[in-house]
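*Asks:* sharing a model that was predicted from the sequence below.
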Amino acid sequence: MGFFVDVVLSGVTNGMVFAAIALSLVLISRATGVVNFAQGAMAMFTTFVAYSLLVQGIGYWPTFFVAIAIGFVFGGVVERTLMRPLHGRSPLNPVIVTIGLLVVLEGAAGSIWGNTSRKFPAAFSQSGLVIGTTRVAFSPFDVFIVVAVLVLVAGIVALFRWTDLGLRMRAAAFSPEVARLLGVRVGRLFTLGWALACAAGSLAGLLIAPLTSFSPYYMDLYLIYGFVAAVLGGLVSPIGALLGGLTTGLAISFAGGYIGPDVEPMAALALLLIVLMARPQGLLGGSAARRV
Amino acid sequence: MTTSVSPPPVGDLAPEPSALRRLARSAERLRLPRQPLVRNLIFFVLGGAFFYVVTVSVSAYNDFQIGEIALYAVVLAGLSLLTGLNGQFSLGQGAFMIIGAYALALLQTHAPMNLALELVIATLVAAAAGVVVGLPAARLSPPYLAGVTLLLALGLPQLADQYGSVFGGEQGLTTTTPTAPGSISAEQWLAWIQIFCAMVVVLLLANLVRSRFGRNFRAVRDDEVAASVSGIHVARTKVLAFAISAGCAGLGGALLALSTGVVNVGEFPLSLSIALLAAMVLGGAGSLIGIWWGAVALVYMPTWSTSLSKHLSLGTSAAAYLSDAIFGAVLIVVILVAPTGVQGGVRWVLRRLWVAAVGQQNLRQATDGGERGEERT
Amino acid sequence: MKIRSSRPVRYRSVAAVGAATAVLAAFTGVGGPASSAGAAGTTGVTSDSITIGATVPLTGPAAPGYSEIAPAMNAVFNWVNARGGVYGRKIHYIYLDDKYNPATTAKQTRKLVLTDHIFADVGSLGTPTDLAIQKYLHSEKVPHLFIESGCNCWSTPKYPETLGWQPPYTTTGKILGTYIKANFKDQKVGELYQDTEFGMDVMKGINLELPASQVVSKQTYVVTTLSGAMTTQMAALKAAGAQVVVMATIPAATALAILPAVKLGFHPQYVVDNVGADAPTVGPLLATFTTAATKTKLLAAAAKGLMNGVVTNAYLPPESTATNPWIKAESALLQKYTPTLWAKHGLDGNTEYGVVLAYTFVQALKAAGKDLTRTTLMNAINTKAKSFGAPGLVPLNYSKDVHYGFMGSQVVKLTASAGTYTTPSGTWPVAKAVSPVYVTTTGSGKVTVYKGTEPPVPSEVAKLTAAR
């Protein structure tokens, strides 16, 4: 019984961090139709910057928020300089540019900070909580992860549903030309979309870093599973990203725990195929039918 | 019905043609046959001759590298067809490469036969796998397909490790290239084998692209519903494209297995599949000449960027990382500067030269009725 | 229907082929035809230089830790070259990045052989990567020396110039198994290992010594998809009631196992193969931090706690034995000849490994004599290895039939109460010997005690310490 509980809890923690990455991918994909392969690397870079600040002696919480702010700015800059010129042409090009950015960032991080693996500090204790007489695989830091991601998702949902800005962003994503005609500054909103996404990515990076060995490549696998989570959820809604993340995290945890760690990617693949066969547009994706 | 030869210069005011102009005019008069097959065969022979000349005059290591370029061209040709021409976004070519590689190695271990036959079987096995994956994939739109193929590229190699007794585990399976005849170096012989395969693949695909199938691929990419309404069987077309690209990847993987001499999972990391996609777009998506630029980039860019960063005399580790950064930066810059890839950029430059040589008027006439809409190789 | 003019196509295609020729010719550099081999195995050797090469992971996920080894080796060669080289020949070491991808290894090795004309491949790293070049190096008659891998596959009559160096993984497994059998009789043992040759070969050794009934759980991990803490694996070991957990893990994985175990309140006795038990490498990954509201300082002190008590094996004098004359000399050498590497890593498991491996090669060159050919080098190694005086706890085993170097270890325990030592990455418990030195084979041969001692420090090595 204890093992089952640990598997579930471990799946939930991983699922939430996948959801955070999925959310960043969904934000960009929904706004500009691009899959940002560099999302993980951008988060890695801002987290390395945070690490440098921590080593200098700057407090954890100020560093935390500074890193997220840097992510925000970074996202906006990338959109404005790299993505904007490619707008309107083949959809492949922005994707390849993000791949190039991924390689640049990993190379730059390796150059600047070297490749020794390190440990990144966690905001709270990573010792499991005691329930009854046993310690379970859920620590105060894991609680923080869950809460942080839920707050993030709620915030994005609130932004889109209840604010004017959110409405304009949705309009710009849905139909840029018409939105422009109605006076919406579409370009600026795309930049804002990227900025928000990368801020969310930075948060994910800070949450993930204490869970693994901190090196320039630490986000690579999380990006992949985050992408799977995003696709699973339908690539359109924050709640979809959350659901996709949790499902992916649990699937991998159960596959790894009860079958073996080598089938984890195939388990994720099986899950994805099953869901997409039943609902080709993902769990919460919009309708795929086209009127002719 | 043909467009005519360019008209004579306007009246007597025409200047004495410069040397460049005379060269351009005689190039115009080179009339190659218009049937795609014959034209492509001529390029096949020319290309073969070109490669022969190059491989006998460079060193053994360069021969090895040219062979590598050829094998990556094989994979990129299939990917160009699948993603460039048919619009299916695949990040999983590495998975099909590994299938082809292991198929070849297993054949050589358990049922050795003529290498050509082994390569054909490996290609067919990979193509069959392509059908298996392509069937569900046909229903998926680009981002979802990307997700599925990504996981395939990540998870399939794992299976080889799982069944270590069959696939040799981490030790992998060894492959053998038939001994080179006479005094030809092993690298040169292998390069010829790889180049020959590449030329054959490019020839076949060039013909395919100009055929009914090619038009179907493009039609399905541009608008599935319209294609379906016009009588094209969309799912069958997509699966065919997938199978062909998987077969190409499998052949490329088998050729890589010959290059390395050993097949194991470590040779096909996820980063390979991603690099293949990037190289294809870099060269020029959908272009069968562009794939060669992409293949050259895959083989030579790591070396160039390493030597560039060495010039900056950093410690070896820092230099190695910096070379990665330079690689990525080049990718970004090239796409930003030439969104249609290197081949698109080359075409643009050549067009400017053509205009300079023969004048704007003739250019308009020459391209009249030309490139509307369709992609060129 | 208008048929397109084919002229632009022709012009473009012909021009493209021409341009491609020009580009290729420029970049491939029209060189000569296939290079001819040097006379009778003296490729890479001139009257004043010896060129050797290797392929190692300098970047990529496999690089942390391992990328220190080649620069440490280079420090030894710099020391030798500063004193005039071996018989007047200076050693030129070219090491290339292969990112642990065997296809890249194959390519880089061809560059080393065909373009750089190396005399021998010395100190290439990795099992799949070295397997990829074994046949090629053999066909080119290039000695494939001192492979940085403990695979049981390097000693085979088919490839007589392929030599291992570190103890084969199964010997380590048998020795650790012997220790567990003697000291943890009747305790439940859990296994955690990497899903490759490394993990499986170590566990093969463990299972040769431990009765099957004692092993209650076997858990694995896949190194390519290793991203986060191995919570499910440790939870399974905890649920099975393991009191001893024996691990064949790389350093990152060791940390990713111990951390979730702490989280689960699971504190077994860890017995970890030497590959993943170097305190200065693993320790920083286990550091926990205090997060005061204002200033935060990264503390490795708590790591001392988590690495404390770990049992592992050593075949070289542990770097923590500060009084050992070899350790002093190695530290002095690194400090003088690679100050940046010394400042970053000091003498840790990886740099010590590199120094001793390079020293082994230098001794082999000396033993081969002034008339240096591939044949004389191999003969020297196969006949005189025991007298090289390389600083190991056991002697080198090379002979015509055996292509392994060290084939034994001593079991040590990281014991903070016996002292601590400091490296640039933190302060660590010293390794205290808890067993005699053993030697054994990779098969079912017995584990026997080795009664010899460490070789003495030669005078030129002692000079390093004195000069410090």
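*Replies:* Perfect, I can see it now.

*Asks:* so what's the residue count around the residue of the stretch 151-300 of chain B found nearest chain C?
*Replies:* Per CB to the nearest CB, B:S185 is where the stretch 151-300 of chain B lies closest to chain C, at 3.6 Å. (Glycine included, C-beta is placed from N, CA and C.) For B:S185, the neighbour count with other CB atoms under 10 Å in any protein chain shown is 18.

*Asks:* tell me if I'm right that B:V131 and B:I244 touch.
*Replies:* No - if you go by CB atoms under 8 Å, B:V131 and B:I244 don't touch, sitting 10.2 Å apart.

*Asks:* more neighbours, these two?
*Replies:* B:I244 (25 against 14).

*Asks:* now do the strands in chain C.
*Replies:* Secondary structure of chain C by DSSP state E: the strands cover C:49-56, C:90-97, C:120-122, C:144-145, C:189-194, C:215-221, C:244-248, C:269-272, C:311-314, C:408-423, C:426-439, C:448-449.

*Asks:* quick one: these as JSON lines, columns for mean neighbour count too.
*Replies:* Converted to JSON lines, the strands of chain C look like this (neighbours: other CB atoms under 10 Å in any protein chain shown):
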{"stretch": "strand C:49-56", "mean neighbour count": "25"}
{"stretch": "strand C:90-97", "mean neighbour count": "21"}
{"stretch": "strand C:120-122", "mean neighbour count": "27"}
{"stretch": "strand C:144-145", "mean neighbour count": "26"}
{"stretch": "strand C:189-194", "mean neighbour count": "25"}
{"stretch": "strand C:215-221", "mean neighbour count": "19"}
{"stretch": "strand C:244-248", "mean neighbour count": "26"}
{"stretch": "strand C:269-272", "mean neighbour count": "23"}
{"stretch": "strand C:311-314", "mean neighbour count": "24"}
{"stretch": "strand C:408-423", "mean neighbour count": "19"}
{"stretch": "strand C:426-439", "mean neighbour count": "20"}
{"stretch": "strand C:448-449", "mean neighbour count": "11"}
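
*Asks:* right, and the ones you listed - which one's nearest chain B?
*Replies:* strand C:90-97 (4.6 Å).

*Asks:* now tabulate the strands of chain C in JSON lines and tack on mean pLDDT and distance to C:L237.
*Replies:* Shown next, in JSON lines, are the strands of chain C (pLDDT from 0 to 100; distance: least, CB to CB, whole Å):
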{"stretch": "strand C:49-56", "mean pLDDT": "96", "distance to C:L237": "33"}
{"stretch": "strand C:90-97", "mean pLDDT": "95", "distance to C:L237": "36"}
{"stretch": "strand C:120-122", "mean pLDDT": "97", "distance to C:L237": "39"}
{"stretch": "strand C:144-145", "mean pLDDT": "96", "distance to C:L237": "38"}
{"stretch": "strand C:189-194", "mean pLDDT": "96", "distance to C:L237": "4"}
{"stretch": "strand C:215-221", "mean pLDDT": "94", "distance to C:L237": "5"}
{"stretch": "strand C:244-248", "mean pLDDT": "97", "distance to C:L237": "6"}
{"stretch": "strand C:269-272", "mean pLDDT": "96", "distance to C:L237": "11"}
{"stretch": "strand C:311-314", "mean pLDDT": "96", "distance to C:L237": "16"}
{"stretch": "strand C:408-423", "mean pLDDT": "91", "distance to C:L237": "20"}
{"stretch": "strand C:426-439", "mean pLDDT": "92", "distance to C:L237": "23"}
{"stretch": "strand C:448-449", "mean pLDDT": "92", "distance to C:L237": "31"}
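
*Asks:* now the residue of the stretch 151-300 of chain B closest to chain C: how far from B:K310?
*Replies:* Per CB to CB, to the nearest Å, B:S185 is found 28 Å from B:K310.

*Asks:* quick check: residues of the stretch 101-250 of chain A near chain C?
*Replies:* Residues of the stretch 101-250 of chain A found near chain C (CB under 8 Å from any CB of the partner chain) are A:107, A:110, A:114-119, A:121-124, A:126-128, A:130, A:134-137, A:139, A:208, A:211-213, A:215, A:217-218, A:220-222.

*Asks:* take these and keep only those in strands.
*Replies:* Per DSSP E, those map to strands at A:130, A:134-135.

*Asks:* let's have those residues in CSV, adding pLDDT.
*Replies:* Converted to CSV, these look like this (pLDDT from 0 to 100):
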residue, pLDDT
A:V130, 82
A:T134, 79
A:R135, 81
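
*Asks:* show me where chain B has its strands.
*Replies:* Counting by DSSP E, the strands of chain B are B:173-174, B:262-263.

*Asks:* residue closest to the middle of chain C?
*Replies:* For chain C, the residue nearest the mean C-alpha position is C:E148 (4.2 Å; CA atoms, centre = their mean).

*Asks:* for that one, what are its contacts?
*Replies:* C:E148 makes contact with C:56, C:66, C:69, C:123-126, C:165-166, C:353, C:357, according to CB atoms under 8 Å, 6 or more residues apart in numbering or on different chains.

*Asks:* and which of those is nearest to chain A?
*Replies:* C:Y66 (9.6 Å).

*Asks:* give me the number of residues near C:N78?
*Replies:* Quick note: C:N78 (other CB under 10 Å) scores 18 neighbours.

*Asks:* ok, it - contacts?
*Replies:* C:337-338.

*Asks:* against A:T98, how distant is A:P91?
*Replies:* Distance, A:P91 to A:T98, by CB to CB: 12 Å.

*Asks:* between these two, who's got more neighbours?
*Replies:* A:T98 (22 against 16).

*Asks:* and that one, what is it in contact with?
*Replies:* A:34-39.

*Asks:* tell me the pLDDT at it?
*Replies:* A:T98 carries a pLDDT value of 92.

*Asks:* okay, and for the stretch 151-292 of chain A, where does confidence drop off?
*Replies:* Counting by pLDDT under 70, the stretch 151-292 of chain A has low-confidence residues at A:286-292.

*Asks:* go on, the stretch 1-150 of chain B?
*Replies:* Short version for the stretch 1-150 of chain B, where the test is pLDDT under 70: B:1-21, B:23-34.

*Asks:* again, 80 this time
*Replies:* Applying pLDDT under 80 to the stretch 1-150 of chain B flags residues B:1-37, B:39, B:141.

*Asks:* get me the contact residues on the stretch 201-350 of chain B for chain A.
*Replies:* B:225, B:229, B:270, B:274, B:277-278, B:281-282, B:285, B:314, B:317-318, B:320-332, B:335-336, B:339-340.

*Asks:* buried subset of those?
*Replies:* With burial judged by 16 or more other CB atoms under 10 Å in any protein chain shown, the buried subset of these is B:270, B:274, B:277-278, B:281-282, B:285, B:317-318, B:320-332, B:335-336, B:339-340.

*Asks:* touching, C:V122 and C:T360? I think so.
*Replies:* No - C:V122 is not in contact with C:T360 according to CB under 8 Å; the separation is 9.4 Å.

*Asks:* overlap in contacts, the two.
*Replies:* Joint contacts of C:V122 and C:T360 (CB under 8 Å, 6+ apart) are C:F146.

*Asks:* quick one: stretch B:233-253 to chain centroid distance?
*Replies:* Stretch B:233-253 sits 14 Å away from the centroid of its parent chain (CA atoms, centre = their mean, to the nearest Å).
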